[in-house]
Structures are given as C-alpha cells and as structure tokens.
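[1] Whatever this is, show me its structure:
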Amino acid sequence: MVTVDISQLSAECNEWREALRSGKEVLNSDKTNLQTAASKNLSKDQLEQVEHLHNQFHIQLINIHDLKQSIKTHDRKVQFEASANGGQVYEETLEEHENLNDEFQNLQQTLEELQNEFNEFLKQSSQ
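    I've put the predicted structure just below:
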C-alpha cells in the first residue's frame, strides 16, 4: 500500500469529470449546429462529411459517458480504500488513476481534433 494525498486524487477526478461535462455540452451544441448546416443545399461530399461528423459526435458522447463513469467509480474506490486503510491506497489503484489520466488526455485530444474538423467543415460549407 502507498500513502498518497487522497484530496489531490479526488480533485483530479473532479477536474476530469468537469472537463468531460463541458466537452459533452460542446458536442451537443455542435450536433445542433451540424443539423442546421445539414439543412442547407450541400454537395454529396459535404453530406458524407455531415454523416461522418454526426457519427463521431455520437461515438464521442458515449466515450465521455463511459469515462465519466469510470472516473466516478475510481474516485469512490480511492475514498473507500483510504478510509479503510488509514489513508493508504493500493498500488493498483494508483496505476488505475494514471491509466484514467491517460484515457482522459487521449479523449481530450480526440475531442479537440473533432472540434477542429467540425470548424473546418463549417467554414467550407459556408463558402
């Protein structure tokens, strides 16, 4: 077992979940904007891109939900272990925390790339 700053681990979990909530709001807004853009007279290529973006928004919303649930479960596990073991958690739990951090960072990167792709689509479809 390892002694760690439990409040720091929980704070990180809360930061991740808040960032994911924000990402979810952005994606839902983008979905609405995509529907508006799709109502215009678009080329076949643009319609294919609409379908691609719509699918990606759906997939990433699922990914956000799943990661938020994993983080929530992990945070509860950290709290339980710390209270049951005098402020200590198992090394596996710390490894899980690092893995969740990696997943979070990767998802943030994916969301940023998707946002850039969507903004480029909007720019091209308005010309």
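[2] all contacts plus neighbour counts: C-alpha atoms, from now on.
    Fine.
[3] And Leu100, how far from Ser22?
    18 Å (CA to CA, to the nearest Å).
[4] Of the two, which one has the most company?
    More crowded of Leu100 and Ser22, by other CA atoms under 10 Å: Leu100, with 19 against 12.
[5] Run through the residues that contact the more buried one.
    Leu67, Ser70, Ile71 (CA atoms under 8 Å, 6 or more residues apart in numbering).
[6] What strand or helix carries the second one?
    It refers to Ser70. helix 44-84 (DSSP states H and E).
[7] Tell me the helix or strand right after that helix.
    strand 88-89.
[8] what about that following strand, distance to the chain center?
    Strand 88-89 has its C-alpha centroid displaced from the chain centroid by 27 Å (CA atoms, centre = their mean, to the nearest Å).
[9] got the contact list for the residue positioned nearest the centre of the chain?
    In the chain, the residue lying closest to the centroid (CA atoms, centre = their mean) is Ile64, at 3.9 Å. Applying CA under 8 Å, 6+ apart to Ile64 gives the contacts Leu20, Gly23, Lys24, Leu107.
[10] quick one: it from Leu114, how far?
    The value you get for Ile64 to Leu114, if CA to CA is used, is 13 Å.
[11] returning to what we had before: neighbour count and pLDDT added to the contacts of Ile64, as TSV?
    Converted to TSV, those look like this (neighbours: other CA atoms under 10 Å; pLDDT from 0 to 100):
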residue	neighbour count	pLDDT
Leu20	22	98
Gly23	20	98
Lys24	20	98
Leu107	18	98
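[12] returning to that earlier point: pull up the gap between the residue nearest to the centre of the chain and Gln46, please.
    26 Å.
[13] what does Gln124 give?
    9 Å.
[14] Also Gly23?
    24 Å.
[15] can you check Asp75 too?
    Distance, Asp75 to Gln46, by CA to CA: 42 Å.
[16] So for these two, which residue has more residues nearby?
    Set Asp75 next to Gln46 and count neighbours by other CA under 10 Å: Asp75 wins out with 21 against 16.
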